[in-house]
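A.B. asks: Structure of the sequence below:
(one chain, ligands or ions: 1)
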Amino acid sequence: MTTVYYSPGACSLAVHIVLEWIGAPYEAVKSKIGSEELKAVNPNGSVPALKEDDGWVLTQAGAILDYLAHKHPEAGLTGGDSLRAKAEAHRWSSFFTSDMHAAFWPVFMPFRYTTDESAEARAKVKAAGQEIARKQFAALNAHLAGREWILDGRSVIDAYAFPMIRWGQAMLPGGLADFPEVQRLHDKLAADPAVQKVLAREGGK
Ligand SMILES: N[C@@H](CCC(=O)N[C@@H](CS)C(=O)NCC(=O)O)C(=O)O
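C.D. replies: I've put the predicted structure just below:
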């Protein structure tokens, strides 16, 4: 059985949702970031990590989502098979890994981005991260205008967006008020019974 290692509300939520959408049996293991138990699976101590029955471990959310989409083509979550559809999937996966997710690191962990231990310095780092995140949400919002999903049809990329959209709601001043298309995507995903099931399992986080 496929196993996902997750931390409630983290980017691993995307993998958890995709496994639920696929509908094949899987195990979800709640993990403490940086714990020895998690490091035994992913030496980096981060989530998500995916383990297959034969012991093969895959890390990196974008790689895991692409792997699952192609392992289960019957679930229809790849976003399309044409050369350009694959390029779009790659483009948006990179966007969430490198642009959106990275923007949140100074928001969640400002202490990693300054050697100044004062509350004031950390608040400034956090504010800078929030500004970068807002720039990424503006790009996503513009892309979503007139579209139902990020790619052509619901895909793993929508699941990838979901935890980060939730972070935006919770961690940005004004939440998503300036990004109505992003809010619309959030609401559609939040209304999905599979997403609700996963959120409940993750403890409502
Ligand atoms: N590049 C990795 C980043 C994974 C990552 O940073 N996950 C966060 C949770 S959203 C984490 O476990 N962070 C632990 C840490 O930074 O120490 C990916 O995309 O999977």
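A.B. asks: Stretch 149-164 spans what distance, first to last residue?
C.D. replies: Stretch 149-164 has an end-to-end distance of 15 Å (Cα to Cα, to the nearest Å).
A.B. asks: and the helix or strand containing H90, is it in reach of the ligand?
C.D. replies: H90 belongs to helix 83-94 when assigned by DSSP states H and E. No. Using Cβ under 6 Å from any ligand atom, helix 83-94 never reaches the ligand; the gap is at least 9.4 Å. The C-beta positions use only the backbone N, C-alpha and C, and glycine is treated the same way.
A.B. asks: Quick one: residues in contact with that helix.
C.D. replies: 62, 65-66, 69, 78-80, 150-152, 155-157, 160 (Cβ atoms under 8 Å, 6 or more residues apart in numbering).
A.B. asks: The closest residue to the ligand within the chain: neighbouring residues, count only.
C.D. replies: As assessed by Cβ to the nearest ligand atom, the ligand sits closest to S46 within the chain, at 3.1 Å. By other Cβ atoms under 10 Å, 20 other residues sit near S46.
A.B. asks: where does it fall, helix, sheet strand or coil?
C.D. replies: coil (DSSP: H, G, I helix; E, B strand; the rest coil).
A.B. asks: Wait, it touches A61, no?
C.D. replies: No. At 9.7 Å, S46 does not count as touching A61 under the criterion of Cβ atoms under 8 Å.
A.B. asks: is it fair to say A28 lies in a helix?
C.D. replies: No. The assignment for A28 (three-state DSSP) gives strand, which keeps it out of a helix.
A.B. asks: buried sites along the helix holding H90?
C.D. replies: Within helix 83-94, the residues scored as buried using 16 or more other Cβ atoms under 10 Å are A85, E88, A89, W92, S93.
A.B. asks: Just the pLDDT for the residue with the largest distance to the centre of the chain.
C.D. replies: Centroid-distance maximum for the chain: S118 at 30.5 Å, with Cα atoms, centre = their mean. Listed pLDDT for S118 reads 97.
A.B. asks: Likewise for G204?
C.D. replies: The model's pLDDT for G204 equals 63.
A.B. asks: what angle sits between the longest helix anywhere in the chain and helix 83-94?
C.D. replies: If you go by DSSP state H, the chain has its longest helix at helix 119-144. In terms of direction (axes from the mean of the first three to the mean of the last three Cα atoms, to 10 degrees), helix 119-144 departs from helix 83-94 by 160 degrees.
A.B. asks: I'd like to know which elements helix 119-144 is packed against.
C.D. replies: helix 102-108, helix 156-171, helix 180-190 (3 or more Cβ pairs under 8 Å, 6 or more residues apart in numbering; DSSP states H and E).
A.B. asks: May I see these arranged in TSV, with mean pLDDT, distance to K126 and mean neighbour count as well?
C.D. replies: Formatted as TSV, the helices and strands packed on helix 119-144 follow (pLDDT from 0 to 100; distance: least, Cβ to Cβ, whole Å; neighbours: other Cβ atoms under 10 Å):
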stretch	mean pLDDT	distance to K126	mean neighbour count
helix 102-108	98	5	19
helix 156-171	98	9	22
helix 180-190	98	21	17
